[in-house]
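Asks: Build me a structure from this.
(chains A and B)
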Amino acid sequence: MTAPPRRAPRAGIHPDPTKSWLRRAWPIVRAHRALLITSLTLSFIGLIVQVQIPDLVRIGIDRALVDRTEGLEKYVWLIAGLAVAQGVINFLARLYLLRTAYEMEYDLRNLVFGHFMRMSYGFYDRVQSGELISRATSDIRAVQMYLAFGPSILVQCTIAGIAFALMVSINAPLAVVAMLTMPVIAVLGVRMRKAIFPVSWLIQSRLAGVATVVDENIQGVRIVKAFAAEKRQIDTLARAADGVRWAYTTDARIRSRWMPVMDNLPRLGLAMVLLVGGLMVLDGNATVGTIVAFNSYVLMLQPPFRMLGMIIMMGQRAAASAQRIYDILDTPAELDDPAVPVVPQPRGDVRFEGVRFAYPDGTLGLDGLDLHIRPGETVALVGATGSGKSTVARLAARFYDTGGGRVLIDGADVRDYPLETLRDRVGIVPDEPFLFSVSLHDNIAFGHPSATRDQVVTAAVAAGADGFIQELPEGYDTVVGERGYTLSGGQRQRVAIARALLVNPPVLILDDATSAVDVRVEHEIHEALRDLMRDRTTIVVAHRLATIGLADRVVLIDNGQAVATGTHAELLATEPRYGRVLATEVHA
Amino acid sequence: MSMFGGGFGGPGGGPGSGAIAGMGGTGTRRQGNTPFAGVPPELAAGVTLLEASEPDHPDPAETFSHAPDDGRLTLWSLLSGRPGLLVTAAFAVGVEAMLLQSGPYLVQVGIDHGIVARDVPVLVFAAVAFLASVALTAAATAVRIRTSGRLAAYSTRDLRVRVFTQLQRLSLDHYTTEKAGVTMTRMTSDVEALQQLLQEGFAQFLIHGLTMVVVTAVLVHYDATLAAITLLLVVPPLLLLTLWFRKAADVGYLRQRDTIAGLFTHLTESLNGVRVITAHNQQDRNVIAHREVVGAYRDANDHTGRINAVYGPGTSVIGLLGLAALLLIGGRMVLRGTLTIGELTAFVLYLNAFFQPVQQLVQLYTNYQQARAALGKLRGLLGTVPAVREKPGAQPLPPASGRIELREITFGYDLTRPVLRGVNLRIAPGETIACVGPTGAGKSTLAKLVSRLYDPDSGTVLIDGHDLRDVTLDSLHRQVGVVPQEPFLFAGTLRDNIAFARPDVPDEVVHAAVDAVGLRELVDRSPDGLSTILHERGQSVSSGERQLIALARVFVAEPRVVVLDEATSSLDLRSELRVEAAIQRLLEGRTAILVAHRLSTARRADRVIVVDDGDIVEQGTHAELVAAQGRYAAMYATWQSHTTPG
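Replies: Numbers count the residues shown, from 1 in each chain, chains lettered A, B, ... in the order given. Prediction:
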């Protein structure tokens, strides 16, 4: 745990969205230029060394074995020396290249994640998290692969040029014959990938389809058995399996069209070298060593040309992926800290003045709400579904900005607070609580990570969570969430309440926070809360009579406005709308 | 990969590609958000074109019986299912392996007998033969890819259906003891491992094995000593390096997979919990925590990268040093006149021919091991005998009046802890029974035994006097309808979900069920009426409507007996009233067992039974039990006191 914190990303993308995607990614590449340039230089040198070896074999055979004018040993030692040298150089080149790739990926991932954390509620209302995850994984990888491997493959292709020049200097006509198939390999490589990508995607998508059917049958096994629907489910699976089978046979068909050609074209070059080169030797225009050397060159140059096809396809995917990543990075954070922050003394005074708000999808939230909640008061908000009562909570903590009017906390507009201060001051417990895959202790101490176990337990006791936590095999150290122990809805809600209580905010908002807790337990929580609410402003969005019973005052919300206020009994006596809402929306 | 060291990864694909692909599958699917939710725009045109060329597959003609699978599964049984394809593929592999190695031999003939002997027709013959062999190899490769691909695709298709059929046979205890993820793995990655081996693995194994044999034979034919020296120079070091690489890379890939899984988890959680993070001002802490997981992932990549960087250039060094040694030894032999230049050239060219086979065989061995492990696990699954099974000669249950009797029932999910102990209960036809009691008392278990999702450890469950174990499962399930606690909706249309038990019923029946449960509003609101496709896990309908759909399903099934496990999650009052009304209508004239979580439900039953500690402790009508001042009366009093404001 003493390891130093990891570094921040070294660079961001170019802010100008009109620039090309590569230009925009350039600052990140630039930040790692030392490593990248070293790697490219090394791989260039390595290739130069490598190209010399077949030439040495040629000269060795011609001089030592055919003409017998020189000793063989000299060439053998040279070849061995160059072999080791190119091995070491290529090792370093690869090492640095891969490292560059991973460093850039590190930057990209952290850039995107940092941006995610700055986005507001409105952003997450619009975008599905699955979509974001896919961008943060496969899209980043596509871009990073291209940025790192693109230059390297290009270096390898330029080496083909150098090798070709060397071959031309040895024997120009034979060089042309030997290399004739290379451009064809490059072109076919691109076309092959174009043909194969859709079918690979199709295979993956259909395998996912099979998995969905299986998943559904595991989850719904009781229904399938209870309704004797086994045969039909098997038919459904068989249909999905037929889809997979077709995708695989189609894949085989497509590959059987391309692979034989791709694999055998270089050998075609070898046959041509034998025929043309052989005839030239007979005419005295070439040597046997040349034929041997050219054979090696053809084999050596084939991989870069194959990869040329890959790099072009990678480039297309990277461009598309980069655009999707930029779309996120270009989305501004909608809420900003004020230029001149105001931080009044915390008292717990909440005031809505003519507040209007509509959600991004057009749903009306509030329509001119006026409401004043005094320090220490406990107020229940009651209203029909969609009346706007939950919106009140979200605006008080400035998860959204109002579309008109003001929200004042302790006399200052929420927009004038630093966001952090404001959210420390207004604590919210949502109706669908989210727990992280960490221990219960860490979940409760989430807003206050340095809290002691005593503080955590105190909060849990107040939220009625201590009892069931103590019964878990590992108590407060039990890991929960997706990768851990599964708690019931009511238990999760109690943990979320404990989490909010631990932060001890002057204003606490319970947004239907006990809906899944059973009646008896809710009663206990209310008893505990009653003490805690005494010096705290508390707003309760209520769906149950028992919850309403906690409040000093009830506010009836209808169509985005506060239409009546008073105690439960007063409203029941004077306000017919209140009675109607209770009858349809509130649990007995 | 040649001795000149092209390519980036070693055997086993590019760095990290496997880890990413693997995670894409499991990681995101779990979120209910497959990465294949939409076609990526750059592939859209190609995919549309492909799908347009897909023929209609004939309707599946699978059969289902509760008779257990014989559990026999071997690689040979997978291969031999389609002998025509197998023979063709094997033949193509043989031709390919032989022809592939004819090249260097023909070069040697061309040099020695054509060029050195100055015989033009021989040179031309050698070159033309080379060209012809290239063309023939290509043809053989094409046939091999196509036939082995088809063989693999067809036999894994059958395997998928067979394993899934077995999953349908297994009883509920399998699903409660085995994690869903494990069962999923059997149907996905295990079958995929076999698919890979059948499609490419076997053919490659044969080709490379044959190549090594053929090349060795040719070299020995030229010169036995030099052949032995060449083999010794190249094969052992290459084999050692490759074995080291496989081992190191496996460890490395594992680390990559673990770290990317960590990264995924953190990313997913942070996005799902972003509102909590924001509300508690933990963004910065979370950004730093993310750097930590990304950093761990980068380090793992770096580690694997180092291994890859050693392997590629390492093999190339071995190859080139071998070349130098060959040149030295062979060159001396040429100088002494015991070897021709053409033969030396052939040796140099054949040197290359050892690289791919050695690397590939090591890789294939890993694949083979994975496939064998998968085979073992699949065999285990196929050999599992379901706990609830149909008796041989079981008779269909005749139309029942709905009289149910439980005699001395003892049952536990594991043998040491019985949940029910000697329970006796008689239910008259048409009677509604509500089971109440604390969580874990056994009331849901009682319901599961009546629908024979489990068999009792001892005692008998009878319906109209027939032991449930003596009748066919199909006929039993047609007469006992179940509404589970959490209504589960299948992907498909609204109609598919409602007419789940009897998909062939006319639309009127479905509409009648819709009206009976009060779902008309949902049907009218849905764009395509009954044909509207429900989103994954039915998230486009409210939880109240989901419960109503589950009830409508039973209406269509028209069972004599209804077993209803009440949902615990609370609904808003309006939905609750609708659900209650639908339940009332469903129970009219049917025998019913309600597992009640709310006393308001119990109140309306003909008889209430209180289950505690594995037995029935009280029974009678609501009024009787309240008057008796026992356990039920106490529960009722607490419940009442908390439903008024305090």
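Asks: Every contact and neighbour count from this point should use C-alpha atoms.
Replies: Noted.
Asks: low pLDDT regions in the stretch 1-150 of chain A?
Replies: A:1-2, A:130 (pLDDT under 70).
Asks: change it to 80
Replies: Across the stretch 1-150 of chain A, the ranges flagged by pLDDT under 80 are A:1-4, A:120-122, A:125-131, A:133-135, A:137-138, A:148-150.
Asks: count of residues packed around residue 433?
Replies: All of this is about chain A. Neighbourhood size, A:Pro433 [other Cα atoms under 10 Å in any protein chain shown]: 19.
Asks: Can you look at chain B instead?
Replies: B:Ile433: 25 surrounding residues under other Cα under 10 Å.
Asks: Show residues contacting the particular helix or strand that has it in it.
Replies: Assigned by DSSP states H and E, B:Ile433 belongs to strand B:432-436. Outside strand B:432-436, the residues that touch it by Cα atoms under 8 Å, 6 or more residues apart in numbering or on different chains are B:427, B:443, B:587, B:590-597, B:599, B:601-602, B:605-611.
Asks: what distance separates it from the middle of the whole chain?
Replies: How far strand B:432-436 lies from its chain's middle: 39 Å, per Cα atoms, centre = their mean, to the nearest Å.
Asks: List the strands paired with it, with their directions.
Replies: Strand B:432-436 sits in its sheet next to strand B:591-595 (parallel), strand B:607-612 (parallel), going by DSSP bridges.
Asks: Give me the phi and psi angles of the nearest residue to B:Ala279 once chain neighbours are set aside.
Replies: Using Cα to Cα, 6 or more residues apart in numbering or on different chains and skipping the chain neighbours, the partner closest in space to B:Ala279 is A:Arg423 (5.9 Å). Per-residue torsions, A:Arg423: phi -80, psi -20 (degrees, to the nearest 10).
Asks: Quick one: the strands in chain B, in order.
Replies: B:404-411, B:420-427, B:432-436, B:458-463, B:466-467, B:480-483, B:492-493, B:533-534, B:561-565, B:591-595, B:607-612, B:615-620 (DSSP state E).
Asks: try chain A
Replies: Counting by DSSP E, the strands of chain A are A:350-358, A:364-373, A:378-383, A:404-409, A:412-413, A:426-429, A:507-511, A:537-541, A:553-558, A:561-566.
Asks: any idea which of the strands paired with strand B:432-436 is most buried?
Replies: Among the strands paired with strand B:432-436, strand B:591-595 has the highest mean neighbour count (mean count of other Cα atoms under 10 Å in any protein chain shown), at a mean of 26.
Asks: Contacts only, for B:Arg157.
Replies: Shown in contact with B:Arg157 (Cα under 8 Å, 6+ apart): A:238, A:241-242, A:244-245.
Asks: Now cross-check those residues against chain B and list the overlap.
Replies: Among those, proximity to chain B is found for A:238, A:241-242, A:244-245 (Cα under 8 Å from any Cα of the partner chain).
Asks: So which of those residues sit within helices?
Replies: Among the ones next to chain B among the contacts of B:Arg157, DSSP state H puts A:238, A:241-242, A:244-245 in helices.
Asks: Could you report the neighbour count for B:Ala637?
Replies: For B:Ala637, using other Cα under 10 Å, the count is 13.
Asks: Give me the below-cutoff pLDDT ranges for the stretch 151-300 of chain B.
Replies: Residues of the stretch 151-300 of chain B that meet the criterion pLDDT under 80 lie in B:176-181, B:272.
Asks: Around chain A, which positions in it sit nearby?
Replies: B:153-154, B:156-157, B:160-161, B:164-165, B:168, B:172, B:175, B:180, B:184, B:187-188, B:267-269, B:271-276, B:278-283, B:287-288, B:290-292, B:294-295, B:298.
Asks: Taking the stretch 351-500 of chain A, what residue is nearest to chain B?
Replies: Ranked by Cα to the nearest Cα, the top residue of the stretch 351-500 of chain A for proximity to chain B is A:Gly447, at 4.9 Å.
Asks: got the phi/psi numbers for the residue nearest to that residue when sequence neighbours are not counted?
Replies: In this structure, A:Gly447 finds its nearest non-sequential neighbour in B:His280, 4.9 Å apart by Cα to Cα, 6+ apart. Main-chain dihedrals, B:His280, degrees, to the nearest 10: phi -100, psi 10.
Asks: do A:Arg398 as well
Replies: Main-chain torsions, A:Arg398, degrees, to the nearest 10: phi 50, psi 50.
Asks: show me the residues around it that make contact.
Replies: Contact partners of A:Arg398, counting by Cα under 8 Å, 6+ apart, are A:414-415, A:419, A:422.
Asks: so which of those is the most crowded?
Replies: A:Val414 (24 neighbours).
Asks: Return the residues in contact with that residue.
Replies: Contact partners of A:Val414, counting by Cα under 8 Å, 6+ apart, are A:396-398, A:406-408, A:422.
Asks: what's the distance between it and A:Arg394?
Replies: A:Val414 is 12 Å from A:Arg394, where distance means Cα to Cα, to the nearest Å.
Asks: can you check B:Asn424 too?
Replies: Distance, B:Asn424 to A:Arg394, by Cα to Cα: 55 Å.
Asks: Verify the stated contact: B:Thr242 with B:Val362.
Replies: Yes: the criterion here is Cα atoms under 8 Å, and B:Thr242 meets it with B:Val362 at 7.1 Å.
Asks: In terms of neighbours, single out the busier of the two.
Replies: A count of neighbours by other Cα under 10 Å puts B:Thr242 above the other of B:Thr242 and B:Val362, at 24 against 19.
Asks: Model confidence score at the nearest residue to the more buried one once chain neighbours are set aside, please.
Replies: Of all residues not flanking B:Thr242 in the chain, B:Gln359 sits nearest, at 6.3 Å (Cα to Cα, 6+ apart). B:Gln359 carries a pLDDT value of 76.
Asks: Number of residues surrounding B:Gln359?
Replies: By other Cα under 10 Å, neighbour count at B:Gln359 equals 23.
Asks: The helix ranked longest in chain B - contacts with which helices or strands?
Replies: Looking across chain B with DSSP H, the single longest helix is helix B:283-336. Contact analysis of helix B:283-336 by 3 or more Cα pairs under 8 Å, 6 or more residues apart in numbering or on different chains; DSSP states H and E lists helix A:73-118, helix B:224-272, helix B:341-353 as its packing neighbours.
Asks: Just send those back as JSON lines, with distance to A:Asp336 too.
Replies: Conversion of these to JSON lines gives the following (distance: least, Cα to Cα, whole Å):
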{"stretch": "helix A:73-118", "distance to A:Asp336": "10"}
{"stretch": "helix B:224-272", "distance to A:Asp336": "20"}
{"stretch": "helix B:341-353", "distance to A:Asp336": "64"}
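Asks: Right, I'll call it a day here.
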